[in-house]
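Peer 1: Structure for this input, please:
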Amino acid sequence: VYWVHWLCAKALRDRWAEELLLVQHEMNWTCNFFLHKAEQWIHLASIAKDAEKVGHLAYAVHQCKMYQCLYVDARDAFKAGMAAQ
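Peer 2: Below you'll find the model as predicted:
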């Protein structure tokens, strides 16, 4: 009986360790996604600037800033969450 309980507890611990690893990777992927989208909008802003399309440039700059803010918020939230462990 003791052996069975030990195996169940070990399996549960292993599942939680795997879940923690996956969540840490997902946090990194989320931050990387926000940075990638911000870089895409920077590129589109440079294209709009070269084409002298002021409206397109304003929209691209706005979108870039939004993704940069999302990155900063996610990074700070994830750091706070990891520090709480």
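
Peer 1: Could you tell me which helix of the protein is the longest one?
Peer 2: Ranked by number of residues, the top helix in the chain under DSSP state H is helix 2-50.

Peer 1: tell me what that helix is packed against?
Peer 2: helix 54-83 (3 or more Cβ pairs under 8 Å, 6 or more residues apart in numbering; DSSP states H and E). The way it works is simple: take the backbone N, C-alpha and C, and place the C-beta from them, glycine included.

Peer 1: quick one: the longest helix of the chain to chain centroid distance?
Peer 2: 7 Å (Cα atoms, centre = their mean, to the nearest Å).

Peer 1: Grab the nearest non-local neighbour of residue 37.
Peer 2: Spatially, and ignoring its direct neighbours in sequence, residue 37 is nearest to residue 67 (4.4 Å; Cβ to Cβ, 6 or more residues apart in numbering).

Peer 1: contacting residues around the one you found?
Peer 2: By Cβ atoms under 8 Å, 6 or more residues apart in numbering, the contact set of residue 67 is 34-35, 37-38, 41.

Peer 1: Next one: it, what pLDDT does it get?
Peer 2: With respect to pLDDT, residue 67 has a value of 98.

Peer 1: can you tell me how far it sits from residue 25?
Peer 2: As judged by Cβ to Cβ, to the nearest Å, residue 67 and residue 25 stand 20 Å apart.
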